[in-house]
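> sequence and predicted model, in that order:
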There are 2 protein chains.
Amino acid sequence: MNQNTKDIHSIFSQYLSEQNLRMTTQRELILKTFCKQKKHVTAEQLYEILKKADPTIGHATVYRTMKLLTEAGIARELNFGEGSIRYEPDTSKEHHDHLVCVKCGENIEFLDEEIENLQKRVVSKYGYQLVDHSLNLYGICPKCQKS
Amino acid sequence: MNQNTKDIHSIFSQYLSEQNLRMTTQRELILKTFCKQKKHVTAEQLYEILKKADPTIGHATVYRTMKLLTEAGIARELNFGEGSIRYEPDTSKEHHDHLVCVKCGENIEFLDEEIENLQKRVVSKYGYQLVDHSLNLYGICPKCQKS
DNA sequence: TTTGATATTGATAATGAGTTTCATTCGCTG
DNA sequence: CAGCGAATGAAACTCATTATCAATATCAAA
């Protein structure tokens, strides 16, 4: 458990106590395991991984906890139109968008300030108050183009 | 049935015969009813509307037909992360993105050439070949801001 | 440290969107 | 109008996610 994980742990603890919720061994394990993942995982995938560490862990607990992590600002929900939600760590202060390969699923995160600003311009043009946005670009990665 | 609808009907007919599929009364009814809708509908919503005109129509037929209309380039799938797919007519030659009110669901279509171009720049920067993209902005509309 | 109020858990049932299966019916071509 | 394959509707089935609920775990207070 590195420094980063420790910080996140205390962020989660604090969030929970603010909401009069409790830190449990399951929530600790889920948080730790989620943070270790290199790729964006679905709740189901995470459940499969977690079962190896704790075969008694429940399906519903994973889903519930991912929801909590999202509320606590630790995880972020991604919807690539696959039918299930993926989660990424929300540790990066910087927001970013995604460029996804439709063949292999490879996934690049990018940030384009100009696009961000233009989005704000569109929103304010219509008198809206921006809450969130999602920009996903779907393409074929260089590797897949060859094959 | 206006001129526009008539055109679309023949586009669909042609698509079907190209695929060795058949035009049926159900498909005609679904197409006609879909084109009449002012808002983006889900397959389920369209099914409810269709039942009034033809109470015998089947659930699966609506889903199947919307898939066909999408393949034929007549409908376009929209995913606002609600858990179900909405469909919009793909008659507008111009592509556009969506600005959705998270309170009331009001939905504005917009097109920003600059954003489109910047997207292409991002994609080519990573050597990808652009297939599709989705940009949804979520906000609170002026009306909902007041209440 | 024990207690007690209540949050949490895991098993399981339920939901909701969408798909598959299959026997029956329909549309078209000969 | 016969026949073959496509299309339909009913119902069963996925798959992701959520709700229910009895049993259990947490934590603050005594």
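Here it is on my side, so go on.
> for A:Ser21, give me its contacts.
Careful, residue A:21 is Leu; it's not Ser. Listed by Cβ atoms under 8 Å, 6 or more residues apart in numbering or on different chains, the contact set of A:Leu21 reads A:Leu68. Heads up, the C-betas are built off the backbone N, CA and C, glycines and all.
> for it, give its distance to A:Leu99.
Shown here: A:Leu21 relative to A:Leu99, a distance of 36 Å by Cβ to Cβ, to the nearest Å.
> swap in A:Thr25?
Using Cβ to Cβ, A:Thr25 is found at 38 Å from A:Leu99.
> more crowded one of the two?
Between A:Thr25 and A:Leu99, counting by other Cβ atoms under 10 Å in any protein chain shown, A:Leu99 is the more crowded of the two (24 against 9).
> what does the longest strand belonging to chain A contact?
As assigned by DSSP state E, the longest strand anywhere in chain A is strand A:129-140. For strand A:129-140, contacts defined as Cβ under 8 Å, 6+ apart pick out A:79-81, A:97-103, A:115, A:119-120, A:123, B:81, B:102, B:119, B:122-123, B:128-140, B:145.
> can you give me the strands in chain A?
Going by DSSP E, chain A shows strands at A:41-42, A:75-78, A:86-89, A:97-101, A:107-110, A:129-140.
> can you list the domains in chain A?
Domain ranges of chain A: A:3-89, A:97-146, per automatic domain parsing.
> quick check: bridge partners of the nearest residue to A:Asp97 once chain neighbours are set aside?
In space, and not counting its chain neighbours, A:Asp97 is closest to A:Leu135: 4.1 Å by Cβ to Cβ, 6 or more residues apart in numbering or on different chains. Assessed by DSSP bridges, A:Leu135 has beta-bridge partners B:Leu135.
> which residues of chain A lie near DNA strand C?
Contact residues (Cβ under 7 Å from any atom of the strand) of chain A with DNA strand C: A:16, A:20-22, A:24, A:26-27, A:54, A:56-61, A:64-65.
> swap the cut-off to 6 Å and go again
Counting by Cβ under 6 Å from any atom of the strand, the residues of chain A close to DNA strand C are A:20-22, A:24, A:26-27, A:56-61, A:64.
> now do the end-to-end distance for stretch A:48-57.
10 Å (Cα to Cα, to the nearest Å).
> brain fart, stretch A:102-122
28 Å.
> okay, now A:Leu135: neighbour count?
22.
> same question for A:Val62.
25.
> excluding chain neighbours, what is closest to it?
A:Tyr47 (4.5 Å).
> for that neighbour, the count of nearby residues, please.
When neighbours are counted by other Cβ under 10 Å, A:Tyr47 comes out with 20.
> show me the contacts for the residue nearest the centre of chain A.
Taking Cα atoms, centre = their mean as the criterion, A:Glu88 is the residue nearest the geometric centre of chain A, at 2.3 Å. Residues in contact with A:Glu88 (Cβ under 8 Å, 6+ apart) are A:His40, A:Ala75, A:Arg76, A:Leu78.
> can you put those in TSV and add neighbour count?
TSV is the format used below for these (neighbours: other Cβ atoms under 10 Å in any protein chain shown):
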residue	neighbour count
A:His40	20
A:Ala75	24
A:Arg76	17
A:Leu78	18
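> any idea which of those residues is closest to DNA strand C?
Looking at these and their distance to DNA strand C, the nearest is A:Ala75, at 15.3 Å (Cβ to the nearest atom of the strand).
> residues in contact with the nearest residue to that closest one once chain neighbours are set aside?
Take A:Ala75 and drop its neighbours on the chain: the residue closest to it by Cβ to Cβ, 6+ apart is A:Leu69, 4.0 Å away. Taking Cβ under 8 Å, 6+ apart, we find A:Leu69 in contact with A:Phe12, A:Ile30, A:Leu31, A:Phe34, A:Ala75, A:Tyr87.
> chain B: which of these is nearest?
Nearest to chain B among the contacts of A:Leu69, counting by Cβ to the nearest Cβ, is A:Tyr87 at 13.7 Å.
> so that closest one touches A:Gln45, yeah?
No - using Cβ atoms under 8 Å, A:Tyr87 is not in contact with A:Gln45; the gap is 9.4 Å.
> much appreciated, bye for now.
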